[in-house]
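Asker: no sequence for this one, just the structure:
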DNA sequence: TTATGATTCAAACGTCCGTTTGGTTTTGGC
DNA sequence: GCCAAAACCAAACGGACGTTTGAATCATAA
């Protein structure tokens, strides 16, 4: 991860992902972070301007790709003659599943994402909303076309809850440890399937 | 909440619950906390020994009652001739639902609980496991009696996931704001119903 | 080779943190 | 009303924090 052939910026981002996942944004200090990344303490402010902005960039690095994959999957699904709710949900969930199974930090990042949810951090929310809000909007439109009886707000927060449940499910939470890394993939795929069924029922409710 | 007729300890616990929910454990400083509670800075260390221990006591105050209610509900359910998985799940989930609807800080506490999940804090986990692990154990035994084909570990982490999903669902997460406080109660009750169905299916799976 | 901009570095900045101290005030039993 | 214990308080402690500085080092194009 932090091998010397990675650039300083990349080593910082990698270490930040690890430490933010383990200790939270406030709990991870730049001193520990730069020590982990094997860079000078001043490097974070030199390359990223501030710790706050480093947090943003940690998200940007992963969410740019995740959002692109979601939108691409959505586009494919909507091209079908009669796309189902489950199809649209899969377009949203499967890219996150792939990310959580990624071996180069993606799994760690999913935990960072879950932290962001728990933190209710206003500054971070604004950043995420400004930069990735359009993805939620496109999915909301796709769901809305299938659920015309639902109000716009109602629809939005249902999608939001699904995003939260997904994040949580992928983030390896809980008190008890898993048995083997082997079944991790299968477990996550199962979780995604359950989630899709659950979310589809939730969306159709009322 | 922090009216003068509450004791210093109670005012500290109330303010701690609020600030831990809003800023996290590391993010909430004792200076802001004691200012909110309108007590002297030294009062936290005088009454609770340390900030870490204050965190423990915030949990103890609510979880003692929550655990007792869960165990009582479980006892009643197991006295029935043929208790279903849904019955047992309801015994676990309904007390948390009641807590989340409580108007004197319970709703805030549920968010603190969700933070604890996200934090992966080893010290806090140990405290929760030592003090409330027996509740999970009793429920695991009840579920196990109905699901004898499941391995013990498998069963445990399924329960754990349910606890996580419940916590998340009750914690008011998500990016989008709710419409009215009025429908809050109904929404939560619906969420609990969905959760019970979802969890029952998850437990029966495979 | 030299000049220039980008990068790294050790050191220090001021601020805020959790905690401790020592003294003052309040409380409750006699 | 007295006194010991409990509670409260202002002030200070050392340490860790994010950030800034200015000089040293590196890379690279002229």
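Answerer: It's in. Just so we're clear, the structure is a prediction, and the values are computed from it rather than from any experiment.
Asker: Enumerate the residues of chain A near DNA strand C.
Answerer: A:7, A:8, A:39, A:40, A:41, A:42, A:43, A:46, A:47 (Cβ under 7 Å from any atom of the strand). Where C-beta positions appear, they are placed from N, C-alpha and C, glycine not excepted.
Asker: from what I can see the fourth one touches residue A:34, true?
Answerer: So that's residue A:40. Yes: with contacts defined as Cβ atoms under 8 Å, residue A:40 counts as touching residue A:34 at a distance of 6.5 Å.
Asker: okay, the two: which has more neighbours?
Answerer: Neighbours were tallied for residue A:40 and for residue A:34 using other Cβ atoms under 10 Å in any protein chain shown; the higher tally belongs to residue A:34 (20 against 10).
Asker: which one is that one nearest to, not counting chain neighbours?
Answerer: Sequence neighbours aside, residue A:41 is the residue nearest to residue A:34 in space, at 4.9 Å (criterion: Cβ to Cβ, 6 or more residues apart in numbering or on different chains).
Asker: now, which of the residues of chain A next to DNA strand C lie within helices?
Answerer: In helices, defined here by DSSP state H, the members of those are A:8, A:43, A:46, A:47.
Asker: of those residues, closest to residue B:101?
Answerer: When those are compared for distance to residue B:101, the smallest value, 47.2 Å, is given by residue A:47; criterion: Cβ to Cβ.
Asker: and the gap between that closest one and residue A:34?
Answerer: Using Cβ to Cβ, to the nearest Å, we find residue A:47 at a distance of 11 Å from residue A:34.
Asker: can you check residue A:105 too?
Answerer: Here the criterion is Cβ to Cβ. By it, residue A:105 lies 18 Å from residue A:34.
Asker: starting at the chain centroid, how far to the lengthiest helix in chain A?
Answerer: What stands out as the longest helix in chain A, according to DSSP H, is helix A:51-78. Mean C-alpha position of helix A:51-78 versus that of the full chain (Cα atoms, centre = their mean, to the nearest Å) differs by 8 Å.
Asker: on contacts alone, who are the packing partners of that helix?
Answerer: Under the contact definition 3 or more Cβ pairs under 8 Å, 6 or more residues apart in numbering or on different chains; DSSP states H and E, helix A:51-78 sits against helix A:8-27, helix A:43-48, helix A:85-101, helix A:106-119, helix A:122-146.
Asker: just those: most buried one?
Answerer: Comparing these by mean neighbour count (mean count of other Cβ atoms under 10 Å in any protein chain shown), helix A:106-119 ranks first with a mean of 23.
Asker: Any part of that one near chain B?
Answerer: Yes: in this structure, helix A:106-119 sits against chain B according to Cβ under 8 Å from any Cβ of the partner chain; the contacting residues are A:111, A:114, A:115, A:117, A:118, A:119.
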